[in-house]
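In: Based on what follows, work out the 3D shape:
(one chain, ligands or ions: 2)
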Amino acid sequence: MGTFTKILIASIFVAYVAVKWTTPGFDPESLRGARVLVTGASTGIGEQMAYHYARLGAEIVITARREKVLQQVAEKCLSLGAQKALYIAADMATDSDPDKVVDFALKKLGGLDYLVLNHIGPSPFTMWEGDVEHTKWLMKVNFLSYIQMAWRALPFLEQSKGSVVVVSSLLGKTTSPFVAPYTSTKFALNGFFGSLRHELAMKKSNVSISICILGLIDTDSAMEKVSGITKVPAYPATDAALNIIITGATRQLELYYPWFTYIMTITKDWSPSITNYIVQNSYNYNP
Ligand SMILES: NC(=O)c1ccc[n+]([C@@H]2O[C@H](COP(=O)([O-])OP(=O)(O)OC[C@H]3O[C@@H](n4cnc5c(N)ncnc54)[C@H](OP(=O)(O)O)[C@@H]3O)[C@@H](O)[C@H]2O)c1
Ligand SMILES: *[C@@H]1O[C@H](CO)[C@@H](O)[C@H](O)[C@H]1NC(C)=O
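Out: Ligands and ions are numbered 1, 2, ... in the order given. Purely as a prediction, here's the structure:
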């Protein structure tokens, strides 16, 4: 590594730490009584977010497809201290359910402060074999339902000076094998919400948009897919969940969790061949 590269990396690191230290502090009290809708909250990171919001005394609506599981999560939220915990079963692959869920939350909570978009449809961790139908379906679940819900909620978030929190991925910033449909949906999210955020700023909107870039997180669904195949370390879902909540509450533009996803994002275009080498060598693949 040349001296110049070393200095550049060191200065970026220093700048990053400085930015982290000067970002506004998180006041847990700010979430007491906050009206929150969390999608994909029956399991994984969404479930953990529901529990954190509950402990912080928020009023929560959770959604996913499995009603029985949602009921159990909602009960646990109440026992943890949520002021309200309601659930609605919905399939984000349908045309009408995204609106139905937003309307339900608005009605039950009398408005909305945080729209936390987190759900994803299951998708295989395999090489692309031409399944266009699956990709269309995944686009609907992971992307189109997000923009539909955000648009529906936006006027109400304007009134409450609220926030849209989009859970994205390092795979929305950089590419990797075995996830072509999934990574497409995450790139789409980053592009769309990045564009919308410019427009809201130009309109002097009251609404903040936070885009959360996550690395590998130890949820059951993720671990099932990659264990034994990837060498990338997995980080705890409960910690990822808390970081997402803080990012939304402090109205930051982006979250990078764990921290090295930031380094990967800013360095990936400097030398595509080195990046490709690193990515391709982080998997165990023997044809
Ligand atoms: N885990 C990771 O390594 C990782 C890394 C980077 C980013 N992320 C992002 O973090 C977020 C959460 O990931 P996760 O690992 O916690 O996911 P997960 O455990 O697989 O949970 C997905 C959630 O979405 C719901 N869901 C699935 N299909 C749905 C549909 N058609 N309609 C409505 N809800 C549906 C699931 O519940 P039902 O089955 O009950 O519907 C579940 O609650 C995602 O946006 C993901 O892209 C995760
Ligand atoms: C922001 O909120 C104020 C009320 O607090 C409202 O008058 C204004 O119209 C809102 N801004 C937008 C762009 O809707």
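
In: Nearest spatial neighbour of Ala90, chain-adjacent residues omitted?
Out: Nearest residue to Ala90, sequence neighbours excluded (Cβ to Cβ, 6 or more residues apart in numbering): Asp97, at 4.0 Å. Heads up, the C-betas are built off the backbone N, CA and C, glycines and all.

In: quick one: pLDDT of that neighbour?
Out: On pLDDT, Asp97 comes in at 98.

In: Around ligand 1, pick out the residues from the stretch 101-250 of the chain.
Out: Counting by Cβ under 6 Å from any ligand atom, the stretch 101-250 of the chain comes close to ligand 1 at 118-121, 141, 167, 169, 214, 216-217, 219, 221-222.

In: my guess is Gln252 contacts Cys212, does it?
Out: No - judged on Cβ atoms under 8 Å, Gln252 makes no contact with Cys212 at a distance of 9.5 Å.

In: which residues are common contacts for the two?
Out: Common neighbours of Gln252 and Cys212, using Cβ atoms under 8 Å, 6 or more residues apart in numbering, do not exist here.

In: Those two - which one has more neighbours?
Out: Cys212 (25 against 18; other Cβ atoms under 10 Å).

In: dump the residue contacts of the more buried one.
Out: Cys212 touches Val165, Val166, Val167, Ser168, Asn243, Ile244, Thr247, Glu254, Leu255, Tyr257, counting by Cβ under 8 Å, 6+ apart.

In: Lys204 versus the residue in the stretch 1-150 of the chain positioned nearest to ligand 1, what's the distance?
Out: Relative to ligand 1, the nearest point of the stretch 1-150 of the chain is Gly44 (2.2 Å; Cβ to the nearest ligand atom). Note on Gly44: its distance to Lys204, by Cβ to Cβ, to the nearest Å, is 36 Å.

In: Phe125 is in contact with Val179, correct?
Out: Yes - Val179 is in contact with Phe125 according to Cβ under 8 Å; the separation is 6.6 Å.

In: the more surrounded of the two?
Out: Each of Val179 and Phe125 has its neighbours counted (other Cβ under 10 Å); Val179 has more, 21 against 15.

In: Retrieve the pLDDT associated with the closest residue to the more buried one other than its chain neighbours.
Out: Closest residue to Val179 apart from its sequence neighbours, by Cβ to Cβ, 6+ apart: Leu171 at 5.8 Å. Each residue has a pLDDT score; the one for Leu171 is 97.

In: next one: Val232
Out: pLDDT at Val232 comes out at 88.

In: what about it, which SS state?
Out: coil (DSSP: H, G, I helix; E, B strand; the rest coil).

In: again, but for Arg251
Out: coil.

In: Test my guess that Gly111 contacts Glu158.
Out: No - using Cβ under 8 Å, Gly111 makes no contact with Glu158, being 10.7 Å away.

In: hey, what's in contact with both of these two?
Out: In contact with both Gly111 and Glu158: no residue, using Cβ under 8 Å, 6+ apart.

In: so who does Arg65 touch?
Out: Per Cβ under 8 Å, 6+ apart, neighbours of Arg65: Ser42, Ala89, Ala90, Asp91.

In: Go again with 10 Å.
Out: Shown in contact with Arg65 (Cβ atoms under 10 Å, 6 or more residues apart in numbering): Gly40, Ser42, Ala89, Ala90, Asp91, Met92, Ala93, Asp97, His119, Gly121.

In: Any chance of the backbone angles for it?
Out: Here is the backbone geometry of Arg65 (degrees, to the nearest 10): phi -90, psi -40.

In: what does Ile213 give?
Out: phi -100, psi 110.

In: Could you give the number of residues near it?
Out: The local packing of Ile213 (other Cβ under 10 Å) involves 23 other residues.

In: Isn't it up against Ile263?
Out: No - shown here, Ile213 and Ile263 do not form a contact pair, counting by Cβ atoms under 10 Å, at 11.6 Å.

In: joint contacts of these two?
Out: Joint contacts of Ile213 and Ile263 (Cβ under 10 Å, 6+ apart) are Tyr256.

In: Nearest to the spatial middle of the chain, which residue is it?
Out: In the chain, the C-alpha nearest the mean C-alpha coordinate belongs to Val167, at 0.9 Å (Cα atoms, centre = their mean).

In: Check the secondary structure at that residue for me.
Out: Looking at Val167 with three-state DSSP, the answer is strand.

In: try Ala85
Out: strand.

In: Touching, it and Ala58? I think so.
Out: Yes - applying Cβ under 10 Å, one finds Ala85 in contact with Ala58, separated by 9.0 Å.

In: No more questions from me, cheers.
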